[in-house]
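Participant: sequence and predicted structure below; questions after.
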Amino acid sequence: MVERSLAQVLAAPLPENMERELIIVDDCSTDGTSDILDRLAAQEPSIRLFRKNVNEGKGAAVRTAIQQARGDFCLVQDADLEYDPAEYPALLRPLLSGHADAVFGSRYLAGEQTRVLPFWHSMINKSLTLLSNMFCNLNLTDMETCYKVFRTDLLKSIPIRSNRFGFEPEITMKCAKRKLRIYEVPISYHGRTYEEGKKIGWKDGVKALGVILHFWLIDDLYVEPYGRAFLNNLTGTPQYLSWLARVLRPYVGDTVLELGAGIGNIAARLMGRRILYVAAEKDPLYLHALGNRFLLTPNVSVLKLDPERPQDYQEAGGPFDTVLCVNVLEYVEDPAAVVRSAASVLKPGGSLVVLAPQGQALYGTLDKTLGHRRRFSRAQLSALLEKAGFTVAAMRQLNKIGTLGWWFHGKLLRSRQINKVTLKIFDKTVWIWRRSDAVLPWRGLSLIAVAAKPAE
């Protein structure tokens, strides 16, 4: 069967000017398949063969293949002849047109031909898709499909933890949480019965439900975990983000450049009726997320800009009424250079609004994991802005209750991350902390400074 399957894959049509790379993972087969694969790999230069020493399952094999992939797109193909490689062009079309980041081939849309199979097997698949959709907030018709195609750069950035058939619900949940643009296309399906060798069973269905619940609760979304995962966790703290936006909004003008916009948590709350909001970011994955998030928002532009490269600011346009610098200065090597560059794209009389972590004494394992180089005092932040020619018009502290949590986790426990449950509890009680922030007797976790550029 493997020889027939590979012959179909090698003969499958591809869009014009597209090269074929076939990565085969032999998951410790013992039925003579290894010899066949050796022969085929020796004959066909487009085949790259990898062997696993221990049989771990489909998810582990796919994980190995993803690590080795070198092309622009990755398509998962089982070697059991249930799916037709002749449909590769239809699967690739939404990706090549730029509409999709991932494409799922659906067995339940109106494909050209589909084998009639046992009722209960189909019902289990459809029930798992329904449950996945409920937790992912998607409207897929076939979550368990083998035919899933991805942009390789995005797929490589997603950690795959499932070793067996849990790969399907795991990757679906993570694509949903990463807000990838997912398309479905109808495919043919020549399914096998258990007598013909099908392996997946009802126990795998139960495990799939466990995978759905696990990755609904756990935000394990990036191969380089904490900085990006922390930004994604903040999307689950809407009350805190609304509080922050409420504090920043009075200082934000009609034209805005936001440095280090991340995945758009602040931009989504401040863009409002602004004439122009430029969300600038240097990280390609963040840029992709921003592009997806504001694809149909006419007053928001997404720009690739490294805050530490003065020449990048020339591409930003402007001049702007406001430059937002939220959680940027603690990461960069030379904060003074970033402040000077921000001044270069501001109108005379415009404002630089900075949010930065307060108190070097709080610097601990959380800061190190996030990549923070420093925390600031009021005097240090004021001096930094004034040296660049700004006048500090306002400075305030924010999130005093967060100071206790940061000290407890980062200094006392020496934790490397804040779990989702803790963030959720904090977010649900923000209404209390927002009202008590002015009266609590210690310093806030963050400093907000509003600095004005000279009018002339």
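Facilitator: Looks like it came in fine.

Participant: drop to CA atoms for contacts and neighbour counts, all remaining ones
Facilitator: Will do.

Participant: any idea how far residue 345 lies from residue 279?
Facilitator: To residue 279, residue 345 is 14 Å away according to C-alpha to C-alpha, to the nearest Å.

Participant: again with residue 166
Facilitator: Residue 166 sits 36 Å away from residue 279, taking C-alpha to C-alpha as the criterion.

Participant: more neighbours: which of these two?
Facilitator: residue 279 (30 against 23; other C-alpha atoms under 10 Å).

Participant: on the three-state scheme, the more buried one is what?
Facilitator: Three-state call for residue 279 (DSSP: H, G, I helix; E, B strand; the rest coil): strand.

Participant: same deal with residue 302?
Facilitator: Under three-state DSSP, residue 302 comes out as strand.

Participant: show me what contacts it?
Facilitator: 278-281, 287, 290-291 (C-alpha atoms under 8 Å, 6 or more residues apart in numbering).

Participant: which residue is the nearest non-sequential neighbour of it?
Facilitator: residue 279 (4.9 Å; C-alpha to C-alpha, 6 or more residues apart in numbering).

Participant: roughly how far apart are that neighbour and residue 304?
Facilitator: The value you get for residue 279 to residue 304, if C-alpha to C-alpha is used, is 9 Å.

Participant: next one: residue 105
Facilitator: Counting by C-alpha to C-alpha, the gap from residue 105 to residue 304 is 33 Å.

Participant: neighbour count winner among the two?
Facilitator: Between residue 105 and residue 304, counted using other C-alpha under 10 Å, the more crowded position is residue 105 (28 against 19).

Participant: what are the phi and psi values at that one?
Facilitator: Dihedral angles of residue 105 (phi, psi; degrees, to the nearest 10) stand at phi -90, psi 120.

Participant: give me the beta-bridge partners of residue 22?
Facilitator: Beta bridges link residue 22 to residue 47, judged by DSSP bridges.

Participant: show me what contacts it?
Facilitator: 46-48.

Participant: try residue 27
Facilitator: 51-57, 61.

Participant: columns distance to residue 82, pLDDT and neighbour count on top of those residues, output as TSV?
Facilitator: Formatted as TSV, these follow (distance: C-alpha to C-alpha, whole Å; pLDDT from 0 to 100; neighbours: other C-alpha atoms under 10 Å):
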residue	distance to residue 82	pLDDT	neighbour count
51	23	88	15
52	24	86	14
53	26	83	9
54	25	84	10
55	22	82	14
56	22	86	14
57	18	86	16
61	18	92	20
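
Participant: which ones among those lie within strands?
Facilitator: The strands in this structure, assigned by DSSP state E, contain residue 51 from the contacts of residue 27.

Participant: of the contacts of residue 302, which is the nearest to residue 320?
Facilitator: Nearest to residue 320 out of the contacts of residue 302 is residue 278 (C-alpha to C-alpha; 9.6 Å).

Participant: count the neighbours of that closest one for me.
Facilitator: Around residue 278 there are 23 other residues, counting by other C-alpha under 10 Å.

Participant: quick check: bridge partners of it?
Facilitator: Counting by DSSP bridges, residue 278 is bridged to residue 257, residue 301.

Participant: pLDDT score for it?
Facilitator: Residue 278 is assigned a predicted lDDT (pLDDT) of 97.

Participant: so it sits right up against residue 298, yeah?
Facilitator: No - here residue 278 lies out of contact with residue 298, judged by C-alpha atoms under 8 Å, at a distance of 10.9 Å.

Participant: re earlier: top of the contacts of residue 302 by number of neighbours, please.
Facilitator: That'd be residue 279 among those, by other C-alpha under 10 Å, with 30 neighbours.

Participant: how about low-confidence regions in the stretch 201-350 of the chain?
Facilitator: Applying pLDDT under 70 to the stretch 201-350 of the chain flags the ranges 201-202, 225-226, 228-229.

Participant: wait, is residue 351 part of a strand?
Facilitator: Yes - Residue 351 sits within a strand when classified using three-state DSSP.

Participant: how near is residue 67 to residue 165?
Facilitator: Counting by C-alpha to C-alpha - residue 67 and residue 165 are separated by 18 Å.

Participant: which one of the two has more residues nearby?
Facilitator: residue 165 (20 against 11).

Participant: helix/strand/coil for the more buried one?
Facilitator: Per three-state DSSP, residue 165 ends up coil.

Participant: show me the contacts for it.
Facilitator: Shown in contact with residue 165 (C-alpha under 8 Å, 6+ apart): 57-59, 200, 204, 208.

Participant: most surrounded residue in those?
Facilitator: Of these, with other C-alpha under 10 Å as the count, residue 208 tops at 24 neighbours.

Participant: pretty sure that residue sits against residue 172.
Facilitator: No - between residue 208 and residue 172 there is no contact under C-alpha under 8 Å: 11.4 Å.

Participant: tell me where the stretch 201-350 of the chain has helices.
Facilitator: 202-217, 225-234, 238-248, 267-270, 284-293, 335-344 (DSSP state H, counting those that start in this stretch).

Participant: can you lay out those as TSV showing distance to residue 391?
Facilitator: Below are these laid out as TSV (distance: least, C-alpha to C-alpha, whole Å):
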stretch	distance to residue 391
helix 202-217	45
helix 225-234	31
helix 238-248	18
helix 267-270	24
helix 284-293	32
helix 335-344	12
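
Participant: what's the closest of those to residue 366?
Facilitator: helix 225-234 (9.5 Å).

Participant: ranges for the strands of this structure?
Facilitator: Taking DSSP E as the test, the strands found in the chain are 22-26, 47-51, 73-75, 102-106, 148-151, 182-186, 255-259, 276-281, 300-304, 320-326, 346-357, 391-398, 446-452.
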